[in-house]
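In: take this sequence and fold it.
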Amino acid sequence: MALKHLSDQELVVRYRKGSQESIEVLINRHKNKVYTYILMTVKNAALAEDLFQDTFIKVVQSLDAGRYQENGRFLSWVIRIAHNLIIDYYRKQNKMNTYSNDDYENDLFNNQKLSDMTVEEEIVREQIYEDVRKLIDYLPEEQREVVVLRHYAGLSFKEIADHTNVSINTALGRMRYALINMRKMIEEKNLNLTLQ
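Out: Below you'll find the model as predicted:
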């Protein structure tokens, strides 16, 4: 039986038993979606390539260490690893790119290149993303999975339905209920998720 016809779970099991070809099939199966997610997030091809490679290095290390729970959601797990690596990258960048206005003759903070978004707006935007990610974590598992696959992995509802072994209507329904639940949580927690 050709490896490409096996499920993600079967390939993970084979990889753990020593089949290097299995991890290659897994990477090739999901590389476009993972790379696209990273590229759409960081908007820089060279950086996306680096983070993509780091993601699959981390995937292999985690599989080798037995840190992957066999829950049938391999792609979601990989996307989560990529997402965390992106956040780690930007946190490191923010720590390294600290400038003093005293070092420059011109006012560094009155620069057209930096006027796309103020520091305050960037902080607010990051807080909004963090709040939304936390809200997603409170959703029931089936709803959370659809949201992550749709908005983080960029899958179509047909791909989500195939991936989760449900009908398209069920996938759409789960997204609808996820949005309803998130709106309720936003109201209950009195969150403001807009840039002023």
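In: now Ala46: how far from His83?
Out: According to Cβ to Cβ, to the nearest Å, Ala46 stands 19 Å off from His83. The C-beta positions use only the backbone N, C-alpha and C, and glycine is treated the same way.
In: out of those two, which sits in the busier spot?
Out: Taking neighbours as other Cβ atoms under 10 Å, Ala46 and His83 compare with His83 leading, 19 against 8.
In: what's the first helix or strand after the one helix or strand the more buried one maps to?
Out: For His83, the host element (DSSP states H and E) is helix 74-96. Downstream of helix 74-96, the next assigned helix or strand under DSSP H and E is helix 119-138.
In: give me the angle between that next one and helix 74-96.
Out: If you take axes from the mean of the first three to the mean of the last three Cα atoms, to 10 degrees, helix 119-138 sits at 150 degrees to helix 74-96.
In: could you say what helices and strands the helix or strand just after helix 119-138 packs with?
Out: Where DSSP H and E defines the elements, the next helix or strand beyond helix 119-138 is helix 141-147. The contact analysis (3 or more Cβ pairs under 8 Å, 6 or more residues apart in numbering; DSSP states H and E) places helix 141-147 against helix 119-138, helix 157-164, helix 168-189.
In: switch to 6 Å and redo it
Out: Applying 3 or more Cβ pairs under 6 Å, 6 or more residues apart in numbering; DSSP states H and E, one finds that helix 141-147 contacts helix 168-189.
In: need the contact partners of the helix it packs on.
Out: 135, 139, 142-143, 146-147, 157-158, 160-161 (Cβ atoms under 6 Å, 6 or more residues apart in numbering).
In: ok, 7 Å please
Out: 135, 138-139, 142-143, 146-147, 150, 157-158, 160-161, 164, 193 (Cβ atoms under 7 Å, 6 or more residues apart in numbering).
In: not counting its neighbours along the chain, what's nearest Ser76?
Out: Closest residue to Ser76 apart from its sequence neighbours, by Cβ to Cβ, 6 or more residues apart in numbering: Val148 at 5.2 Å.
In: list the contacts of the nearest residue to Ser167 once chain neighbours are set aside.
Out: Using Cβ to Cβ, 6+ apart and skipping residues adjacent in sequence, the residue nearest Ser167 is Ala161, 5.9 Å away. Applying Cβ under 7 Å, 6+ apart to Ala161 gives the contacts 167-168, 171.
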